[in-house]
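Participant: Fold the following and give me the result.
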Amino acid sequence: MTAFPRLMSPVSLRGHTLRNRIVFGAHTANMAVEGLPTERHAAYYRERAIGGAAMVVVEPMPVHPAAVLTRGNFRHTSDEVVPHFRRVTEAIKDHGAVAIQQLYHVGQHGDSDNSYHPHWSPSGMPSYHDSDGSHAMTEAEIEETIDGFVQAARRCREAGFDGVEVWAAYHGLVDQFWTPWSNRRDDKWGGSLENRTRFSREIIQRIRKTCGDNFVIGLAVNDELDFEVALSRESIAEIVERHDREAMVDYVTCGTGSYFDFYKLMPTFLYGEKLGTPLAATLKGVVKHALVTAESHIRTPQNGEDVLRADEADLVSIVRGQIADPHLATKAAEGRPEDVRGCLSCNQMCWGRRSRDYWISCVVNPSVGREWEWGGDRFTPAERPRRVLVVGGGVAGLEATRVAAERGHRVVLAEAADRLGGQFRLAGLQPRRAQILDLIEWYERQLTRLQVELRLNTYVEADDIEGFSPDVVIVATGALPDGDGFQKAMPHLARLPGIERGRVWSAEDVMGRVARPGKRVIVLDEGGNWRGAGTAWHLAEAGHEVTIVTPDPLVGKELQRTAADYPLRQRLARLGVRFVCESGILEWAAAGARVASFLTGEAQLIEADDLVMAVPNRAEDGLYRALDGRGIELRLIGDAAAPRQAPYAIHDGRKAALEI
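Facilitator: Predicted structure coming up:
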């Protein structure tokens, strides 16, 4: 018996048997080289198929030159892609999963930097992706675009895909034809529901005719309730029912957000879970042929089981959850959900890297995008087990310890504090970030399973090393807050004037409850990320009057890449947090901080009881330097090597353990 009977039950999809109800849904991995999939792609999808996903929907293929959106998009309108994609489909199907590819066209929301093509749309409306307008398509161009979808589907069939998913979500081109706000045509492609759906129905009918009766055709739609110009849930249901009436599509995937509200496309922890479920439940009530897939912030096997048990969907798409742990499905099937490494819903390395036009990765799983190089999450035993001492139980040390032990080394982890997690644990104490604490607990369970010798409250100095008799020492001693109040934006001030007055704290002091701030608090945020803004949120929720001072033009600048900055600013504003941007602190005075505007040069006094400085930390590498030259095999990782964010520390830990 499985703990997830609905999730693990098979289901039929146009002649294919899905071994369970878990889909690895479409998302842009951005890994193509010269428009062609590579071994990096094949290994990425292979790992999720090995891990038990029933259906893998490969990232979207642009169907026309106007549809290109990223540097890593696949080569459009070219049969040259076919043999390269065969490597991808074989990697998926050889391990028991059904292989689908998504086909997309962004319409008015194009990206001229990548496409160098006018944006094509039904009625020439502006892009919500960049600052450009678009070209209202002629009938000939509509026919050309429909044929682009059909030819892309043909290539997919020839490459070995079992089907395609037509992207009609997020107010892309298909959705633009459906939506009266963006479709203002008065010909056969606009006006009535019959006319507005003609574009999608022609695409699907012609794909069916070209690719045959055994070819799966899916449809991706979205829920967008916050913009009245977007289609309502009821309108989406009417459109889907119109397609389902003639058994045109085999499944429908329900996401959230749109180009009108990009923040809900890949919802961070600022949003609730199972966001795509209400639309999926609505569509379940109208379709008679198609399976319905719920997508959007379905993170865990339990999330999926709950949705299916409530009969709100037939399938669940768990994307970021299977990026974080590609073996999620297998672990669920084996009754080991506690071994699933949970997604943090942070978007830092998946959407965050994609938004910068890099191939995606994952904060908690550094093998993402490196499966071809590192073998995914399946570890090769070491040729010669060795005695490994890891000093420091932050995330770098935890990952190094886990992977070294997985490979058969005998590992001792020494941590100076009374608990594991280091500064990452403090981040988990910020509002809505408890998934970080869940990750630390996951590490603790894994170290117990692997019989790691854990020594807490153990401060290790150089002369203590001999007592451990290690073959290898991994130094993961982290970093400490800067004590001088140095600001990168004001490099002429080596030390903040007035810091000797006291009442100046680090973000770690606040989250670790070392500081007891007064009513009025200034947070100097030089990172533009969660370290400063999350601490400000914590203080504001606790009733403090908070002012954020930042050299950046907006609060949460670095969080723009994760689609978390605007929802965060909304919450801070509702809590009464004041924003002072493009500014720095000249002096910490008796009454507060003298703050200078970088735009005007003018200074103002902001009255405050305490100052919290979220500025770069300094590496704590004293143990490494003391051991260097003693003939001991050493590795220096994480913040001890250089203070950085969590994904790079975890990467360091994995890499070091693989090299032993």
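Participant: Could you chop the chain up by domain?
Facilitator: Listed by automatic domain parsing, the domain ranges of the chain are 11-374, 387-480+619-659, 499-616.
Participant: And the longest helix along the chain, how far out from the chain middle?
Facilitator: When secondary structure is assigned using DSSP state H, the longest helix within the chain turns out to be helix 139-159. Here the centre of helix 139-159 is set off from its chain's centre by 30 Å, with Cα atoms, centre = their mean, to the nearest Å.
Participant: Flag every buried residue along that helix.
Facilitator: 142, 145-157, 159 (16 or more other Cβ atoms under 10 Å). C-beta here means a position set from N, CA and C on the backbone, and glycine is covered the same way.
Participant: Among these, which pair sits farthest apart?
Facilitator: Spatially, the most separated pair among those is Ile142 and Ala159, at 26.3 Å (Cβ to Cβ).
Participant: Just the helices from the stretch 401-550 of the chain, written as ranges.
Facilitator: With DSSP state H, counting those that start in this stretch, the ranges of helices along the stretch 401-550 of the chain come out as 422-427, 435-449, 507-511, 530-541.
Participant: helix, strand or coil for Gln604?
Facilitator: Assigned by DSSP: H, G, I helix; E, B strand; the rest coil, the conformation of Gln604 is strand.
Participant: neighbours around the closest residue to Ser123 other than its chain neighbours, how many?
Facilitator: Excluding the flanking residues, the one nearest Ser123 by Cβ to Cβ, 6 or more residues apart in numbering is Arg184, at 4.2 Å. Using other Cβ atoms under 10 Å, Arg184 has 13 neighbouring residues.
Participant: Show the contacting residues for Arg184.
Facilitator: Pro122, Ser123, Gly190 (Cβ atoms under 8 Å, 6 or more residues apart in numbering).
Participant: wait, doesn't the last one sit right on Ser182?
Facilitator: The reference is to Gly190. No. The pair Gly190 and Ser182 fails to qualify as a contact (Cβ atoms under 8 Å) at a distance of 9.9 Å.
Participant: So these two - more neighbours on which side?
Facilitator: Using other Cβ under 10 Å as the criterion, Gly190 and Ser182 rank with Ser182 on top: 25 against 18.
Participant: quick one, phi/psi of that one?
Facilitator: Ser182 adopts backbone torsions of phi -100, psi -10, taken as degrees, to the nearest 10.
Participant: and the residue nearest to it when sequence neighbours are not counted, what does it touch?
Facilitator: Of all residues not flanking Ser182 in the chain, Gln176 sits nearest, at 4.3 Å (Cβ to Cβ, 6+ apart). Gln176 sits next to Gly107, Gln108, Ser121, Pro122, Met125, Ser182, Asn183 when contact means Cβ under 8 Å, 6+ apart.
Participant: Can you list the residue ranges for strands in the stretch 451-600 of the chain?
Facilitator: Ranges of strands in the stretch 451-600 of the chain, per DSSP state E, counting those that start in this stretch, are 453-455, 472-475, 479-480, 504-506, 520-525, 545-549, 578-580, 583-589, 592-597.
Participant: Could you list the buried residues of the first one?
Facilitator: This means strand 453-455. Across strand 453-455, burial judged by 16+ other Cβ under 10 Å covers Leu454.
Participant: which residues does Arg432 contact?
Facilitator: Residues in contact with Arg432 (Cβ under 8 Å, 6+ apart) are Phe269, Leu270.
Participant: mind redoing it with 10 Å?
Facilitator: Each residue near Arg432 by Cβ atoms under 10 Å, 6 or more residues apart in numbering is listed here: Thr268, Phe269, Leu270, Tyr271, Ser345, Gly534, Trp537, Leu568, Arg571.
Participant: Need those in JSON lines (columns: pLDDT).
Facilitator: Rendered in JSON lines, the data for the contacts of Arg432 read as follows (pLDDT from 0 to 100):
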{"residue": "Thr268", "pLDDT": "94"}
{"residue": "Phe269", "pLDDT": "94"}
{"residue": "Leu270", "pLDDT": "93"}
{"residue": "Tyr271", "pLDDT": "93"}
{"residue": "Ser345", "pLDDT": "96"}
{"residue": "Gly534", "pLDDT": "98"}
{"residue": "Trp537", "pLDDT": "98"}
{"residue": "Leu568", "pLDDT": "97"}
{"residue": "Arg571", "pLDDT": "97"}
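Participant: so, if you compare those, which one comes nearest to Gly393?
Facilitator: Using Cβ to Cβ, Gly534 is the member of the contacts of Arg432 that lies nearest Gly393, at 21.7 Å.
Participant: Roughly how far does the nearest residue to that closest one once chain neighbours are set aside sit from Val106?
Facilitator: Spatial nearest neighbour of Gly534, excluding adjacent residues (Cβ to Cβ, 6+ apart): Gln430 at 3.7 Å. The gap separating Gln430 from Val106 is 35 Å, by Cβ to Cβ, to the nearest Å.
Participant: what ranges do the helices span in the stretch 551-660 of the chain?
Facilitator: Counting by DSSP H, counting those that start in this stretch, the helices of the stretch 551-660 of the chain are 565-574, 622-627, 646-659.
Participant: Let me have these in JSON lines, extended by mean neighbour count and distance to Leu450.
Facilitator: Listed next are the helices of the stretch 551-660 of the chain as JSON lines, based on neighbours: other Cβ atoms under 10 Å; distance: least, Cβ to Cβ, whole Å:
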{"stretch": "helix 565-574", "mean neighbour count": "17", "distance to Leu450": "37"}
{"stretch": "helix 622-627", "mean neighbour count": "17", "distance to Leu450": "24"}
{"stretch": "helix 646-659", "mean neighbour count": "23", "distance to Leu450": "12"}
